[in-house]
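Colleague: Have a look; sequence and predicted model below, questions after that.
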Amino acid sequence: AVLVPLCLVRGAPALLYTLRSSRLAGRHKGDVSFPGGKCDPADQDVIHTALRETQEELGLEVPEEQVWGVLKPVYDKGKAIIIPVLASVGPLDPQNLRPNPQEVDEVFVLPLTHLLQAQNQGYTHFCQGGHFQYTLPVFLHGPHRVWGLTAVITEFTLQLLAPGAYQPRLFFPQLAGG
């Protein structure tokens, strides 16, 4: 589960992202992501997983009543299921967060106005063996490029929060879980 933290930065709505630690094992080290991780046996559900992981990674306590809901799941290449949990974390100064250096190299925000501007949106086409496989959204011109499943989750979030203002140009149901 991952938490999609909707926050207010200097009065403007924004999404909070992390840059995963370059010291982590696995292929996602150094990637832009939302805070999150695997379910622990003690977690009641995916919401508790997302909230616990956010607290562990960022030191940010998000009360359960600030959770707006669960978005549709996305699947990685290994068929793992990632469940995005959307929550309002209220006014936030990212500089006041104390990320766990074992898991997070950096924390940054992108205002919704930035994400909704067409010049900051793009698509990456993936090929394998010389054949087109799939296309994913990408969000550009921030401190880091938002791509991969984090961009897919960002796209779902924008569709929900700004349905008239955000219109994805392409849709690939095999990546969206059906």
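Modeller: It's in. Source: prediction; values computed, not measured.
Colleague: List the buried residues of the helix or strand hosting G122.
Modeller: Assigned by DSSP states H and E, G122 falls within strand 121-128. Neighbour counts over strand 121-128 (16 or more other CB atoms under 10 Å) mark Q121, G122 as buried. From N, CA and C alone the C-beta is placed, and that goes for glycine too.
Colleague: Then stretch 154-172?
Modeller: T154, E155, F156, T157, L158, L161, Y166.
Colleague: And stretch 103-119, by the same measure?
Modeller: Buried residues in stretch 103-119, counted by 16+ other CB under 10 Å: E103, V104, V107, F108, V109, L110, P111, L112, H114, L115.
Colleague: Make a markdown table out of those and add pLDDT.
Modeller: A markdown table is the format used below for the buried residues of stretch 103-119 (pLDDT from 0 to 100):
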| residue | pLDDT |
| --- | --- |
| E103 | 89 |
| V104 | 92 |
| V107 | 95 |
| F108 | 96 |
| V109 | 97 |
| L110 | 97 |
| P111 | 97 |
| L112 | 97 |
| H114 | 97 |
| L115 | 97 |
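Colleague: Can you lay out the residues you listed as CSV showing distance to T124 and secondary structure?
Modeller: Below are the buried residues of stretch 103-119 laid out as CSV (distance: CB to CB, whole Å; DSSP: H, G, I helix; E, B strand; the rest coil):
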residue, distance to T124, secondary structure
E103, 26, coil
V104, 24, strand
V107, 24, strand
F108, 20, strand
V109, 22, strand
L110, 17, strand
P111, 22, strand
L112, 22, helix
H114, 19, helix
L115, 16, helix
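Colleague: Closest to L97 out of these?
Modeller: V107 (5.2 Å; CB to CB).
Colleague: List the residues that contact the closest one.
Modeller: Shown in contact with V107 (CB atoms under 8 Å, 6 or more residues apart in numbering): L16, Y17, T18, L19, L58, P94, L97, P99.
Colleague: can you tell me which of the buried residues of stretch 154-172 are in helices?
Modeller: T154, E155, F156, T157, L158, L161 (DSSP state H).
Colleague: closest to G90 among those residues?
Modeller: L161 (15.5 Å).
Colleague: mind listing what the residue sitting furthest away from the middle of the chain touches?
Modeller: Relative to the centre of the chain, the most outlying C-alpha is that of G130, 29.5 Å out, by CA atoms, centre = their mean. Under the criterion of CB under 8 Å, 6+ apart, the contact list for G130 is empty.
Colleague: Quick check on it: phi, psi?
Modeller: When read as degrees, to the nearest 10, the backbone of G130 gives phi 80, psi 10.
Colleague: Could you look up the SS state of the nearest residue to V85 once chain neighbours are set aside?
Modeller: Spatial nearest neighbour of V85, chain neighbours left out: A50 (4.0 Å); criterion: CB to CB, 6 or more residues apart in numbering. Under DSSP: H, G, I helix; E, B strand; the rest coil, A50 falls in the helix class.
Colleague: Perfect, that will be all.
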